[in-house]
Structure formats: structure tokens, C-alpha cells
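**Student:** I would like the atomic coordinates for the input below:
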Amino acid sequence: NPNTDMTGWVLDSKIHIDSIAELREIGNLRNGSCVSVKNYHADGFGVGGDFVYAAGLSKSLHDGGYFIDPSKTFPADWANRTQQNNWFNDKNTGAGVFVRTHTGYFNIEQWGVRGDGVSEEDIALNAIIQNIPEGATLNMINRNCTILVDAKVGSFAEPPAAWKINRKVTILGTVGCAVK
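**Tutor:** Residues are numbered from 1 along each chain as shown. Next up is the predicted model:
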């Protein structure tokens with residue numbers, strides 16, 4: 001839950017890294033360790049952000065965007081659907097995750113969605129929809145793609161800049177930012 005109470009945490013000095021994949025490389029993690037991530041992907045794409053290590057939170061919270069399990073392997077090839085599925089959907093046991101400090105909004109790029117018209121990203125989009133709280137707003141700024149939500153809802157040829165999430169949905173596929 002993105003509203004995890006961080007009251008009373010002692011924050012370390014901040015570590016600066018370039019991508020989410022580099023979270024695996026940080027040693028000597030302590031509860032409250034702070035990390036500033038420049039971008040989601042090593043190639044400079046996607047939204048980074050500030051994360052705090054929570055030693056006591058379950059690794060099963062990992063969602064690939066808001067909660068990051070540093071023991072998980074980040075996809076070496078984002079186009080590889082098996083690697084992407086393992087990143088977003090496989091859960092480890094034990095404790096210790098990075099928690100994104102909430103910025104007041106959710107953006108598809110916080111989960112690495114490129115929206116470039118080439119990448120297949122329905123797995124990432126489903127992870128977003130399934131993990132952000134109901135009532136949250138999901139920003140899809142500057143993304144011109146079709147997202148097929150389900151047969152009852154239909155498709156959006158040009159999605160709005162933001163969607164209000166008022167129920168859990170499953171993304172069947174997309175055109176332009178995921179499955180063609």
C-alpha cells in the first residue's frame with residue numbers, strides 16, 4: 001500500500017544511482033537507507049525517484065514501481081516478455097524492499113512503461129493497475145497509444161492525460177505502447 005507509514009524512520013544520507021536495476025548493487029542496506037534513482041531504465045528513459053529501504057516490509061509487496069525488491073533481477077531485455085513477467089509478477093519471500101516516496105501522483109513511467117509504439121508493455125500496465133490504490137489518478141501524459149481495458153469498457157484511441165482508477169481492471173493489450 002503506497003500509504004505505508006514511515007513515521008519514526010531514521011533516514012541515512014542519500015545514495016544516488018542511475019537506474020532501478022542498480023538497486024541490486026547497493027550493499028549494507030539499513031532500515032531508512034535513502035536512494036535517489038535518476039531514471040527507471042539504464043538508457044535514461046522513465047521516471048526515477050526517491051526510495052527508502054524498509055527492512056521489515058515483505059518482499060511480496062514488490063510491484064516493479066512503488067515497491068522494489070532489491071533481490072529481484074531487473075529485465076536485461078525489456079522486450080523479453082518472460083523477463084518482464086518475472087520482474088512484475090514473481091514474488092520473493094523474506095523482508096526488505098525499497099519504497100518510493102510518494103510524489104502525490106502515479107505515472108506509467110514509474111513502472112518503466114516506455115509508450116514508444118514498439119515495446120510490448122501490457123505486463124507493466126497490468127502491474128500498475130493492480131497495485132495503485134483505487135481512487136488514485138494514473139498519469140499517461142504524452143502517450144499516444146490505444147489501451148484495450150476489457151470488452152465492456154472498450155478501447156481508447158487517444159487516452160486522456162490521466163485516468164481515474166475507480167476499479168481494478170485487466171489490460172488485455174495495447175497498440176502503440178504495448179501488445180500490437
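
**Student:** hey, let's count contacts and neighbours off CA atoms from now on
**Tutor:** Will do.

**Student:** Which single strand of this structure contains the most residues?
**Tutor:** strand 49-58 (DSSP state E).

**Student:** That one pairs with which strands, and in what direction?
**Tutor:** strand 34-37 (antiparallel), strand 95-100 (antiparallel) (DSSP bridges).

**Student:** how about the last one as PDB, C-alpha atoms only?
**Tutor:** In PDB, the C-alpha atoms belonging to strand 95-100 read as follows (Å, rounded to 0.1, in the frame of the first residue of the first chain):
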ATOM      1  CA  ALA A  95      11.700  -9.000   4.100                       C
ATOM      2  CA  GLY A  96      13.300  -5.800   2.800                       C
ATOM      3  CA  VAL A  97      12.000  -3.600   0.000                       C
ATOM      4  CA  PHE A  98      12.600  -0.100  -1.300                       C
ATOM      5  CA  VAL A  99       9.500   2.100  -1.100                       C
ATOM      6  CA  ARG A 100       9.100   5.000  -3.500                       C
END
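
**Student:** I'd like the next helix or strand past it.
**Tutor:** Remark: after strand 95-100, the chain's next helix or strand is strand 106-107, criterion DSSP states H and E.

**Student:** Which positions within the longest strand of the chain qualify as buried?
**Tutor:** 49, 50, 51, 52, 53, 54, 55, 57, 58 (16 or more other Cα atoms under 10 Å).
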